[in-house]
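**Student:** sequence and predicted structure are below.
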Amino acid sequence: MREELKKPLGIVADTKDLEKFLTKSYIVVAVGDITTITLYEKNYIPDIAVVDFKTKRKNSEELKKKICVVKSPVIKVNNPAGSITDELWRAVATAYSRGKTRIEVNGEEDLATLPCIFLAPENGIVIYGLPDIGMVVVNATKEKRKEIGQILKRMVV
């Protein structure tokens, strides 16, 4: 499913376009370190940030410093590349019920976008990075959550 999941799940936006999606009426989730930092630089703290302190699969202390400047309750989880662990799934569900939370992933957050969309409330927006292209903004509508549910069902082994 690698090729299928490379396709944007929502609207591709550059940093200039991003601000029109950042209203207080939405619950905003940032998946990825660069996405999270970009929102911080726009003076916007997402309700949930899912990070692994890596970019393009390389660890970065610089990213960690920039992200940890914002003090939020933290949930730490283990999640290997190419998977969605029960631990990650529970962390996303907990973060939605708790509010402002940073989920720090030991491993990779590469597929965290899927549970973030699937578990999102109707007024949720999930923003994730598409390397070398921009960011993808996904409105978590009922239809979009159903679409993600179908993808998740096909992933179960």
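**Tutor:** Done, it's in.
**Student:** what are the boundaries of the helices in the protein?
**Tutor:** Secondary structure of the chain (DSSP state H): helices located at 2-6, 15-18, 33-41, 61-68, 86-98, 113-118, 142-155.
**Student:** OK, contacts around the nearest residue to residue 147 once chain neighbours are set aside?
**Tutor:** Residue nearest to residue 147 in three dimensions, not counting chain neighbours: residue 9, with 8.0 Å by Cβ to Cβ, 6 or more residues apart in numbering. From N, CA and C alone the C-beta is placed, and that goes for glycine too. Going by Cβ atoms under 8 Å, 6 or more residues apart in numbering, residue 9 touches 113, 117, 136, 138, 144, 147, 148.
**Student:** what of residue 129?
**Tutor:** 31, 32, 34, 35, 135, 136.
**Student:** list just the nearest of those residues to residue 55.
**Tutor:** For those, the residue nearest residue 55 by Cβ to Cβ is residue 34; the value is 5.8 Å.
**Student:** look up how far residue 149 lies from the spatially most central residue of the chain.
**Tutor:** The chain has residue 31 as the residue nearest its centroid, 2.0 Å off, counting by Cα atoms, centre = their mean. Using Cβ to Cβ, to the nearest Å, residue 31 is found at 18 Å from residue 149.
**Student:** cool, residue 116 as well?
**Tutor:** 13 Å.
**Student:** can you check residue 130 too?
**Tutor:** Taking Cβ to Cβ, one finds residue 130 at 22 Å from residue 149.
**Student:** so these two - more neighbours on which side?
**Tutor:** Set residue 130 next to residue 149 and count neighbours by other Cβ atoms under 10 Å: residue 130 wins out with 16 against 13.
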